[in-house]
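S.K.: Predicted model, plus sequence, below.
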Amino acid sequence: MAEGQFSVRNQNVLFRNRFIVKHKPYRVSLTSDYICWEQETRTDLRTVLPWEEVISLSPCDCDISARHVKCQYCQYNPDQCRTGLGEQVPLQARAVKLYYAERCGKYKWRLATVTFHPQKGFVVRELLGAAKKVLQGLNRPHRLLIFINPYGGKKAALQIFEKKVAPLLQLAGIDIEVIVTQYANHARNMIQEIDIEHFDGVVCVGGDGMFSELLNGLLVRTQKKAGVNYNLPSSSLVTPLICLGVIPAGSTDAVTYCTTGINDPVTSTLLIIMGAKLSIDICSIHHDKYLLQYATSFLSYGYFGDTLVDSEKHRWMGPKRYDYSGCKKFLQGQLYEGEIKLAVTSVVDSQNDKDRCRAGCKVCTTVTRTGIDSGAEGIKQDSGKDPKYLKVRGKFIAINVATMTCRCAMTKDGISPTAHLGNGCTDVILVTKCSRLNFLRYLFRTAFHNANPFDFDFVQFYRVSEFQFSPIEYSSQITSSEDQSIQENEPKKSVWNCDGEILSEPTIHVKVHQQLINLYAYGIEERDQQICCNMCCGSCKNM
Ligand SMILES: Nc1ncnc2c1ncn2[C@@H]1O[C@H](COP(=O)(O)OP(=O)(O)OP(=O)(O)O)[C@@H](O)[C@H]1O
């Protein structure tokens, strides 16, 4: 929303008339791009609201007391009017209430309202009619299929939906069909079974695990319908027409953190209503030419894989289970041997790169999607260079793969702060053999970013378009001091933590598919921290 310097004079005005707003006379104008209300006496008090941010306009029967009405010429109450023209608005005037989304704090969106009281009764219908026409022309969802996971996160998904989400969707006039999941993979199965074509979007109220169900269900359905052999990593996948959405109600909510900056259910709902769209990269994970899973944020072998397996046994703890299992696995200090083959697309100075993926990111819009010489679908950087193939064999504590930054409450900048949402690449971070103390330093830096987590000689960073990993089945303990020799003993494999789900097959081939799905989000916006909504009076400045 813009205030101040703006002129609707030269634009195609669809409607213009005088209204009383907050007891002052205003001129309300509608063009095909904006709705604008400006004070007639002080043109600097002008608000220009793009239609994208309008949620709805509805008739309102609220009264406006003549007591509060000021003269539209001198701004004084009628009885003190200096001009003697003191106009009064008739009592019980019908009004129009405009609901719109307003930026609030660093990342949030909030619902705001303004009421236009007409100076003449008949203009209400005129204003509503003109607004309805423009709103109908916007590319927004009209029908949504919503899955609610009542057991995700703090088990508050149903409450969040009823209190925060449903009223907003109703206000925006969006038809919804709601399914409360009964078992794990319910949503994934339903998406593949039922006719979802008449929905504009499929949304989940839950965490990353629920989003992963929607993603996998929708992608498999789309490829089957298009006759694509999705089991082959080299297949070119078809982008689904249906957009996906996620309203955060999980433990980690990395997908919402990475695409909106925060895990706020109201913000995510407003973005869905506004029809915000963002194309994001997806990894397909294969084993022996068979598709295991599609993933969109975090994939990890070793430490984070083992932590996930252990945390599943302590689900009753809620989100705290990750801290508990993380400590336990850290103390066990396991090493895993393996070989990873990487198709490195670009050299990233991970230690100095200040580049961050933000809404309208230039990197994600300029990287093109082209085929590489092998005939397989692949990604080239805009420099046009083919990927360089590299093999790393060794002992790892963790192999972390971040297709998005993977920011969440536990790491505000993410596992890979420079990762992009749509550049066709994923970041592979290899944490090789080191002492427990050094591994702790790496974890601390990843969580708090007090220093660069990649600035260690035991951490390697690669930006790749695909990679293959196979374990070598011998493990050893992390040494308490770095020069202590490793005792290679019992064979040991870990599992992959794939967006919070366990993949028990360690030998995998991962391929990135650039901007394969559309998500209801804009990406993280670069905002002035001082932006504060009308309602919270500055309390949101620090968000
Ligand atoms: N009715 C249900 N009963 C049991 N499990 C379910 C049900 N519905 C969905 N699930 C499963 O619960 C798992 C976790 O759900 P979800 O991702 O919403 O919460 P979370 O794991 O707490 O959050 P996050 O993934 O962000 O850490 C999902 O993998 C999903 O398959």
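M.R.: Looks like it came in fine.

S.K.: Check which helices and strands the host helix or strand of residue 28 sits against.
M.R.: Using DSSP states H and E, residue 28 sits within strand 24-31. In terms of contacts (3 or more C-beta pairs under 8 Å, 6 or more residues apart in numbering; DSSP states H and E), strand 24-31 is packed against strand 13-21, strand 34-39, helix 123-137. (Each C-beta comes from the backbone N, C-alpha and C, glycine too.)

S.K.: got any ranges where this protein has weak pLDDT?
M.R.: 1-11, 42-44, 61-94, 120-121, 349-352, 367-385, 474-491, 529-543 (pLDDT under 70).

S.K.: for it, what's the longest helix?
M.R.: helix 208-226 (DSSP state H).

S.K.: Beyond that helix, next helix or strand please.
M.R.: strand 243-248.

S.K.: and stretch 506-525, how far out from the chain's middle?
M.R.: Centre-to-centre, stretch 506-525 and its host chain are 11 Å apart (C-alpha atoms, centre = their mean, to the nearest Å).

S.K.: shouldn't residue 149 be in contact with residue 182?
M.R.: No: using C-beta atoms under 8 Å, residue 149 is not in contact with residue 182, being 10.2 Å away.

S.K.: For the two, indicate the residue with more neighbours.
M.R.: Neighbour comparison, residue 149 and residue 182: the larger count goes to residue 149, with 24 against 7 (by other C-beta atoms under 10 Å).

S.K.: Closest residue of the stretch 201-350 of the chain to the ligand?
M.R.: In the stretch 201-350 of the chain, the residue that lies nearest the ligand is residue 207 (2.2 Å; C-beta to the nearest ligand atom).

S.K.: What residues does the residue nearest to that residue when sequence neighbours are not counted make contact with?
M.R.: Excluding its sequence neighbours, the residue lying closest to residue 207 (C-beta to C-beta, 6 or more residues apart in numbering) is residue 250, at 1.5 Å. For residue 250, the contact set (C-beta atoms under 8 Å, 6 or more residues apart in numbering) comprises 149, 152-153, 206-210.

S.K.: Kindly report the same for residue 393.
M.R.: Counting by C-beta under 8 Å, 6+ apart, residue 393 has contacts 338-340, 472.

S.K.: List the strands paired with the helix or strand containing it, with their directions.
M.R.: Using DSSP H and E, residue 393 sits within strand 388-402. Partners of strand 388-402 in the sheet, by DSSP bridges, are strand 298-302 (antiparallel), strand 334-346 (antiparallel), strand 426-432 (antiparallel).

S.K.: so which of these is the most packed in?
M.R.: strand 298-302 (a mean of 26; mean count of other C-beta atoms under 10 Å).

S.K.: Export that one to CSV, keeping only CA atoms.
M.R.: In CSV, the C-alpha atoms belonging to strand 298-302 read as follows (Å, rounded to 0.1, in the frame of the first residue of the first chain):
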residue,chain,number,x,y,z
PHE,A,298,15.9,-30.6,3.9
LEU,A,299,17.5,-34.0,3.3
SER,A,300,20.1,-35.3,5.6
TYR,A,301,22.1,-38.5,6.2
GLY,A,302,23.9,-39.3,9.4
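
S.K.: Next, the angle from it to helix 208-226.
M.R.: Our comparison of strand 298-302 with helix 208-226, counting by axes from the mean of the first three to the mean of the last three C-alpha atoms, to 10 degrees, yields an angle of 110 degrees.

S.K.: what does strand 298-302 contact?
M.R.: 208, 254, 283, 285, 304, 334, 336, 338, 396-403, 406, 415, 426, 431, 469, 494-500, 506, 510.

S.K.: and the next element down the chain from that strand?
M.R.: Assigned by DSSP H and E, the successor of strand 298-302 is helix 303-312.

S.K.: Export the next helix or strand after that following helix to CSV, keeping only CA atoms.
M.R.: Using DSSP H and E, the next helix or strand after helix 303-312 towards the C-terminus is helix 321-332. Only the C-alpha atoms of helix 321-332 are listed here, as CSV (Å, rounded to 0.1, in the frame of the first residue of the first chain):
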residue,chain,number,x,y,z
ARG,A,321,11.7,-34.0,21.0
TYR,A,322,14.3,-32.8,18.4
ASP,A,323,16.4,-31.1,21.1
TYR,A,324,16.3,-34.3,23.3
SER,A,325,17.2,-36.7,20.5
GLY,A,326,19.7,-34.2,19.0
CYS,A,327,21.6,-34.2,22.3
LYS,A,328,21.5,-38.0,22.6
LYS,A,329,22.8,-38.5,19.1
PHE,A,330,25.5,-35.9,19.6
LEU,A,331,26.8,-37.8,22.6
GLN,A,332,26.8,-41.1,20.7
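
S.K.: The chain should start at 18 in everything you say after this.
M.R.: Noted, 18 is the first residue going forward, which turns the last one into helix 338-349.

S.K.: Can you name every helix or strand that helix 338-349 contacts?
M.R.: Secondary elements touching helix 338-349 (3+ C-beta pairs under 8 Å, 6+ apart): helix 320-329, helix 453-465.

S.K.: could you redo the last one with a cut-off of 7 Å?
M.R.: Under the contact definition 3 or more C-beta pairs under 7 Å, 6 or more residues apart in numbering; DSSP states H and E, helix 338-349 sits against helix 320-329.

S.K.: Which positions in this protein make contact with the ligand?
M.R.: Taking C-beta under 6 Å from any ligand atom as the contact definition, the chain meets the ligand at 166-170, 198-203, 223-227, 230, 267-270, 517-518.

S.K.: Can you go through the contacts of strand 315-319 and name the buried ones?
M.R.: For the contacts of strand 315-319, a neighbour count by 16 or more other C-beta atoms under 10 Å gives the buried set as 225, 271, 300, 302, 321, 351, 353, 355, 413-420, 423, 432, 443, 448, 486, 511-517, 523, 527.

S.K.: Report the contact partners of the closest residue to residue 77 other than its chain neighbours.
M.R.: Nearest non-adjacent residue to residue 77, counting by C-beta to C-beta, 6+ apart: residue 114, 4.1 Å away. Contacts here follow C-beta atoms under 7 Å, 6 or more residues apart in numbering; on that basis residue 114 touches 75, 77, 130, 132.
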